[in-house]
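Peer 1: next one to model:
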Amino acid sequence: MAAIITDKIKYQLAQTIFDEFNTANLGDSNNYYYIGIGRSQQWQAADETDVVPETTAADNHEREERLFRYNLQSVKAAESLSFVVPGGPDYDWSANKEYYQYSDAVAGQPQNTYYVRTDENKVYICLRKGKNSDGTPKTSTVKPDHTNTSLAPETDGYVWKYMYTITTTAANNFLTTNFMPVEFVDSAESTDPRFSQLSVQNAAVPGQIIGYRVINPGGPYTGTVHSSGIKVGPALTIVGNGTGAKAFAILNPINNSIAAVEIGEDPDAAASTYAADQGSGYDYANVSVSSATLQVGGTTAVIAPVFGPRGGLGADARKDLRSTSLMFNIKPVGGVEVNNEPTWPVDQDYRQIGLIKNIRTDSANGPLFTATAGTALKRMRANLAFGDGDYLQASGEYQLEFDDDPIIYGTDSNAAGYMVWNDDSATIWYHQTEETGFTQFVDGEAITIPGKFAGNMAIDSANIAPDVDRFSGEVLFISNQSATARDPQQTEDIKVVIRL
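Peer 2: Numbers count the residues shown, from 1 in each chain. Next comes the predicted model:
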């Protein structure tokens, strides 16, 4: 029988990667994750078009990986990593919108969200919708803003459980139009912005019943009209191995069937008793519906309890929000200098982003690359013996006037490669692909660039080794995209999301 990859398995796989990155629980994992960029030339360079090819995760096959390696420019160590969950407009709280209660019967991220993020970056789970007198749901009109463990019903009837506040650092690194960060807090001082989340984690109560679903409304029942206008009845008893859970039924005033079931003894259940009325310690439970008010010929309603997570709602927000995704983040600045030397090309663009694990310095069996950043491009140093106007010279710095990703040729070797960049020491950075071939340039040969340059520039050093071996390591993820330009003053924000 084929095994199904459940959300719990996905979470465990994500946790393994997270622990490897942070060397938590695994000791020194000796695993290093890098984000790489590449492909300076257009997607359809021969046709002078640049249409991004349609790909899916399944398209990250061996050939796709090999082509990515050919075009790899540079890598930078992943600076931070976080679990993330879907975010964006559908998950942002706004007034006059109906929200959905947490359910233990929903696998994976539900289409209709049960959690929200406010404009203050506070995250809440909806435990109860507001209800009209006939049990039908209301829209939310009161924005939650508390940051404690209180479960006070708002004036619109909604009950929101505060989970955490996205910190400024987490927002800068991991908040996007489609995702938001979620974490588990190991420790935090009272001055730490994550202290409120730690308080929620510590206050989590295992075995709570946090809601009820009506399987069969049954009825008709004889009910009692409460002062709020809600018709209540019949009596409900929670039977199980825990204690303290209480619930009451709201009747549909038209047919006297059960329209909804809420936490508490009655509609006046105070905020101080709402949490207590969820009970605790339940591994199993059923709802016994009194037949005392069932009218002749009626049918008994069937109601099922909705359990909170085993460890208690709030004990681990990653599990409560059902996260199965990770986001890696880097913020490369200009040439990303290491030891005062650039490692990333500028005045250039890239069209691919990839996640690489354990890339090495010089071969598949060489030492692991552990520096903060490095180039994967081959380099050659020119002797600068070419005519006026073919380069710019200022303060002893040289910048060739070539653009459009030209192909450079060696006149003796017949080698060819895409010129990506040249730095201030007149070192040309280049890469080779199937289109250019992989013949090596040789020292002393002249370089030509058809249609752009045919002077007498020659190579002093033909094959300066890159910082990393592009054919080492494991390519875990590749994303094709439209061209992104880079310049010396630019600070980028590159995020890679792994969705399991």
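Peer 1: so where's the longest strand in the chain?
Peer 2: strand 474-486 (DSSP state E).
Peer 1: packing partners of that strand?
Peer 2: Applying 3 or more CB pairs under 8 Å, 6 or more residues apart in numbering; DSSP states H and E, one finds that strand 474-486 makes contact with helix 62-71, strand 348-357, strand 494-499. In this view, the C-beta of every residue, glycine as well, is placed from N, C-alpha and C.
Peer 1: following the second one, which helix or strand comes up?
Peer 2: Toward the C-terminus, strand 348-357 is succeeded by strand 373-375 as the next helix or strand (DSSP states H and E).
Peer 1: still on that earlier bit, return the set of buried residues in the longest strand of the chain.
Peer 2: The neighbour-count check on strand 474-486 (16 or more other CB atoms under 10 Å) flags 475, 476, 477, 478, 479, 480, 486 as buried.
Peer 1: pull the most distant pair out of those residues.
Peer 2: Taking CB to CB as the measure, these span a maximum distance of 23.2 Å, between 476 and 486.
Peer 1: re the thing from before, the helices and strands packed on strand 474-486: which one's closest to residue 295?
Peer 2: strand 494-499 (51.6 Å).
Peer 1: what angle sits between that closest one and strand 348-357?
Peer 2: Counting by axes from the mean of the first three to the mean of the last three CA atoms, to 10 degrees, strand 494-499 lies at 40 degrees to strand 348-357.
Peer 1: show me the shaky parts of the stretch 101-250 of the chain.
Peer 2: Scanning the stretch 101-250 of the chain for pLDDT under 70 picks out the ranges 106-112.
Peer 1: pLDDT below threshold where in the stretch 351-500 of the chain?
Peer 2: 384-403, 424-425, 451-457.
Peer 1: apply 80 and report the result again.
Peer 2: The model of the stretch 351-500 of the chain has pLDDT under 80 over residues 363-364, 382-404, 423-426, 449-458, 460.
Peer 1: how about the helices in the stretch 1-150 of the chain?
Peer 2: 7-22, 62-71 (DSSP state H, counting those that start in this stretch).
Peer 1: would you turn those helices into a markdown table with mean pLDDT, distance to residue 156 and mean neighbour count?
Peer 2: Converted to a markdown table, those look like this (pLDDT from 0 to 100; distance: least, CB to CB, whole Å; neighbours: other CB atoms under 10 Å):
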| stretch | mean pLDDT | distance to residue 156 | mean neighbour count |
| --- | --- | --- | --- |
| helix 7-22 | 85 | 31 | 16 |
| helix 62-71 | 94 | 51 | 17 |
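Peer 1: nearest to residue 278, out of these?
Peer 2: helix 7-22 (23.4 Å).
Peer 1: so what touches stretch 323-331?
Peer 2: 7, 10-11, 14, 17-18, 33, 35, 76-85, 108, 173-174, 179, 181-182, 355, 491-500 (CB atoms under 8 Å, 6 or more residues apart in numbering).
Peer 1: not counting sequence-adjacent ones, nearest residue to residue 264?
Peer 2: Closest residue to residue 264 apart from its sequence neighbours, by CB to CB, 6 or more residues apart in numbering: residue 277 at 4.7 Å.
Peer 1: residue 264 and residue 218, how far apart?
Peer 2: For residue 264, the distance to residue 218 (CB to CB, to the nearest Å) stands at 21 Å.
Peer 1: and those two? which has more neighbours close in?
Peer 2: Taking neighbours as other CB atoms under 10 Å, residue 264 and residue 218 compare with residue 218 leading, 21 against 18.
Peer 1: can I assume the more buried one is in contact with residue 259?
Peer 2: No: using CB atoms under 8 Å as the test, residue 218 is too far from residue 259 to be in contact (11.0 Å).
Peer 1: re earlier: who's in contact with the residue nearest to residue 264?
Peer 2: 244, 245, 246, 247, 263, 264, 265, 269.
Peer 1: buried subset of those residues?
Peer 2: 244, 245, 246, 247, 263, 264, 269.
Peer 1: residue 235 versus the residue sitting furthest away from the middle of the chain, what's the distance?
Peer 2: Among residues of the chain, the one most distant from the C-alpha centroid is residue 296; the distance is 55.5 Å, by CA atoms, centre = their mean. Distance check for residue 296 against residue 235: by CB to CB, it reads 18 Å.
Peer 1: got it, and residue 460?
Peer 2: The value you get for residue 460 to residue 235, if CB to CB is used, is 92 Å.
Peer 1: which ones are touching residue 209?
Peer 2: By CB under 8 Å, 6+ apart, the contact set of residue 209 is 238, 242, 245, 247, 263, 278-279, 282, 285, 305-308.
Peer 1: repeat the analysis, applying 6 Å as the threshold.
Peer 2: 245, 278, 279, 282, 305 (CB atoms under 6 Å, 6 or more residues apart in numbering).
Peer 1: residue 442 reaches residue 414, doesn't it?
Peer 2: No: using CB atoms under 6 Å, residue 442 is not in contact with residue 414, being 10.1 Å away.
Peer 1: the more surrounded of those two?
Peer 2: The neighbour comparison of residue 442 against residue 414 (other CB under 10 Å) goes to residue 442, with 14 against 11.
Peer 1: not counting its neighbours along the chain, what's nearest that one?
Peer 2: residue 413 (4.8 Å).
Peer 1: correct me, but residue 274 touches residue 151?
Peer 2: Yes: applying CB under 6 Å, one finds residue 274 in contact with residue 151, separated by 4.6 Å.
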